[in-house]
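Visitor: Okay, structure incoming, though there's no sequence with it:
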């Protein structure tokens, strides 16, 4: 962020960190939600992002994020377009189809953070 001091960045971060978390989606698709749950478990997403997907340290929270954001991020990793980000996710998502990514994104977005 050009022209923004470290103190200002810290203040902005604190402001957004203090906002209450709300799940982005509430309606669960009867097929996609359980499929996404199974796929996230099989892909061992909870190993790094914690079993409740709230994240830790440099691992972002997945629970309750917007479905479109999660899907976009996973697609970036799969297509090697996630520039400047840890490549561990490229390997973690290797071999997962786009339809499966959609189910995982749906599942994670419906979890309460």
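Guide: Received the coordinates, thanks. The structure displayed is predicted, hence computed values, not measured ones.

Visitor: next helix or strand past whichever strand or helix holds residue 15?
Guide: Residue 15 belongs to helix 6-17 when elements are defined using DSSP states H and E. As assigned by DSSP H and E, the chain's next helix or strand after helix 6-17 is helix 32-42.

Visitor: which other helices and strands contact that following helix?
Guide: Counting contacts by 3 or more C-beta pairs under 8 Å, 6 or more residues apart in numbering; DSSP states H and E, helix 32-42 packs against helix 98-109. For glycine as for every other residue, the C-beta is placed from the backbone atoms N, C-alpha and C.

Visitor: and with 10 Å instead?
Guide: In terms of contacts (3 or more C-beta pairs under 10 Å, 6 or more residues apart in numbering; DSSP states H and E), helix 32-42 is packed against helix 45-49, helix 98-109.

Visitor: which one of the ones you listed is the most hemmed in?
Guide: Mean neighbours per residue, mean count of other C-beta atoms under 10 Å, is largest over the helices and strands packed on helix 32-42 for helix 98-109, with a mean of 21.
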